[in-house]
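Student: quick one: sequence and predicted model below, then my questions.
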Amino acid sequence: MPAWAAGFSAFGCATADFEYRYDKSVDIGINEKSTTEDITAATTTLQSAWNELRIKVLEEFRINGFKDEEVTLTPGYSMQYLGQLNDLEIDSPVAELSGAEDWDDLVQSFNDTYARVYADAARSPELGYGITGAIMRGSVETKKPNIPEEPEAGPTPPPESRLGTRPFYYEKEWVDAAIYHMEKLKPGNEIKGPAVIESDATTYVIPPGFQTFLDVNRLFHLIEC
């Protein structure tokens, strides 16, 4: 648990890579009756959509002052078993489709993802495969901040960090919880539950039977006693 939990989503947004994404609907269906020519046409359709989207993504980055060589392009596709309502977004295992020989790679990536999201037994390759959308993402890596490290101060919290106690309701009974001030805790400090660590923007609860410690990057770790 980061000590800056209240601003963690904002921190993530501020440090995320710069990205543009474009999508295009396509209608591709391949089943066991499809010929090699059908599969070739399917990969050609998807590749043509990627080519179109690639131009749009790179243009967005040029507008923002980036060169084409600075952009990492990731093609993808939305695939489903024919007849099903929901599709899955898959990052393409190949950067560019050259023909029917690449179709099996697209299908394998989809099947692997489907098994992870649902279950291996839920896969239904006998239905055939449909691609409903082409996806092109472009990203430029942003500079990441260096998270400072603070020196270890030992397991005992400083006296000024202790704010007292208050009743804590846990599993249908009241217990006395120790109260601490988050900003006054030091790396290496250990606190056993029941306890509450307070800050101006967040509250961190340690239930009975658990303990926490603060590391040198001001990340709290919660473990069972």
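Tutor: On my side now, so go ahead.

Student: need the longest helix for this structure.
Tutor: Using DSSP state H to define each element, the chain has its longest helix at helix 36-63.

Student: and it, what other elements does it pack with?
Tutor: Judged by 3 or more C-beta pairs under 8 Å, 6 or more residues apart in numbering; DSSP states H and E, helix 36-63 is in contact with strand 18-30, strand 72-81, helix 103-117, strand 129-140. To be clear about C-beta, it is placed using only N, CA and C from the backbone, and glycine gets the same treatment.

Student: the last one pairs with which strands?
Tutor: Read that as strand 129-140. Strand 129-140 has its sheet partners listed here by DSSP bridges as strand 18-30 (antiparallel), strand 72-81 (antiparallel).

Student: quick one: mean pLDDT over the first one.
Tutor: Just to be clear, that refers to strand 18-30. Averaging pLDDT along strand 18-30 gives 97.

Student: what's it in contact with?
Tutor: 38-39, 42, 45-46, 49, 52-53, 56-57, 60-61, 64, 66, 82, 103, 128-140, 142 (C-beta atoms under 8 Å, 6 or more residues apart in numbering).

Student: which of the residues in that strand are buried?
Tutor: Buried residues in strand 18-30, defined by neighbour count with 16 or more other C-beta atoms under 10 Å: 19, 20, 22, 23, 26, 28, 30.

Student: for the strands paired with strand 129-140, which one sits closest to residue 99?
Tutor: strand 18-30 (13.8 Å; C-beta to C-beta).

Student: give the residue spans of the protein that score low on pLDDT.
Tutor: In the prediction, the chain carries no residues with pLDDT under 70.

Student: try 90 this time
Tutor: 1-16, 142-148, 201, 225 (pLDDT under 90).

Student: show me the domain layout of it.
Tutor: 15-140, 159-224 (automatic domain parsing).

Student: coming back round to it: output the helices and strands packed on helix 36-63 as a markdown table; include the columns distance to residue 177.
Tutor: Converted to a markdown table, the helices and strands packed on helix 36-63 look like this (distance: least, C-beta to C-beta, whole Å):
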| stretch | distance to residue 177 |
| --- | --- |
| strand 18-30 | 43 |
| strand 72-81 | 48 |
| helix 103-117 | 40 |
| strand 129-140 | 45 |
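
Student: closest to residue 168 out of these?
Tutor: Of all the helices and strands packed on helix 36-63, the one in closest proximity to residue 168, counting by C-beta to C-beta, is helix 103-117 (38.6 Å).

Student: residue 161: which of the strands paired with strand 129-140 is closest?
Tutor: Checked against C-beta to C-beta, the stretch from the strands paired with strand 129-140 lying closest is strand 18-30, at 39.6 Å.

Student: how far does the closest one sit from its chain's centre?
Tutor: 20 Å (C-alpha atoms, centre = their mean, to the nearest Å).

Student: can you put the strands paired with strand 129-140 in TSV and add distance to residue 195?
Tutor: As requested, these are exported to TSV (distance: least, C-beta to C-beta, whole Å):
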stretch	distance to residue 195
strand 18-30	40
strand 72-81	44
